[in-house]
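Student: Pasting a predicted model and its sequence here:
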Amino acid sequence: MASSDRSVGWLRTNQGVAACLVVAMLALLGYLLSQDWVYQQQRDGFRLGFFTMVSALVMLVCVGFTLIGKQKDQATPEMARMRGSDWLRGIAALLTMLVYYVLAWDAHFSQDWVRAILDVIPFTGDFLIWTVVFLTMGMAVLGVRPITSAITAGVIVSFVIFGLFLLIGIDLPQSVIGQLLGTS
């Protein structure tokens, strides 16, 4: 049951959340439009970024309807109860995902200042190592106990993902582990 109580603050209403999502979608679209890979023609005639762009545009349209919809002034009970620490946890999770992406896929970063940082960190660009670390930490944060279960699950899921991608012929970034497995 949503509440229309404005005392929760505009940012917690459906319209406030939608406005934040519009900003995020516009930033995503701006990023996509600035990337060369988005425009690369594929064998099937589509551009590489076609489905990514369409998905972002559809999300933008849906969020736009939330901005102007009948329930724009309402806030869900969960949003009404959110504290600053909840926002910080969400931001920390997003930053963790960004760090994982940068460490596991470092070959995509050609800017000199990023390269200078990544060249100092060991095993950057090794999908398996960073995926194990990321999944293990994520499972531990989500409450998987004992910690050995989180580690075991992180290792197993990472190797299953890696193996499935190898089976369908998609190369993932790899260095040390790939050399040990003889796949690089």
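Tutor: In hand now; what should we look at?

Student: And the helices in this structure, which stretches?
Tutor: Taking DSSP state H as the test, the helices found in the chain are 14-33, 50-68, 77-81, 84-104, 112-118, 127-141, 147-167, 176-181.

Student: do you know which of the ones you listed lies nearest residue 8?
Tutor: Residue 8 lies closest, by CB to CB, to one member of the helices of the chain: helix 77-81, at 4.5 Å. In short, each C-beta sits where N, CA and C put it, glycine included.

Student: so how far is that closest one off the chain centroid?
Tutor: In terms of CA atoms, centre = their mean, to the nearest Å, the centre of helix 77-81 is found 24 Å from the chain centre.

Student: Show me what counts as buried in that helix.
Tutor: By neighbour count on 16 or more other CB atoms under 10 Å, the buried set for helix 77-81 is 79-80.

Student: Which strands or helices does that helix pack on?
Tutor: Using 3 or more CB pairs under 8 Å, 6 or more residues apart in numbering; DSSP states H and E as the contact criterion, no secondary-structure element is in contact with helix 77-81.

Student: follow-up on the earlier one: any chance of the helices of the chain in CSV with distance to residue 41 and mean pLDDT as columns?
Tutor: As requested, the helices of the chain are arranged in CSV below (distance: least, CB to CB, whole Å; pLDDT from 0 to 100):
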stretch, distance to residue 41, mean pLDDT
helix 14-33, 16, 93
helix 50-68, 10, 95
helix 77-81, 43, 88
helix 84-104, 26, 83
helix 112-118, 28, 72
helix 127-141, 27, 87
helix 147-167, 24, 91
helix 176-181, 29, 62
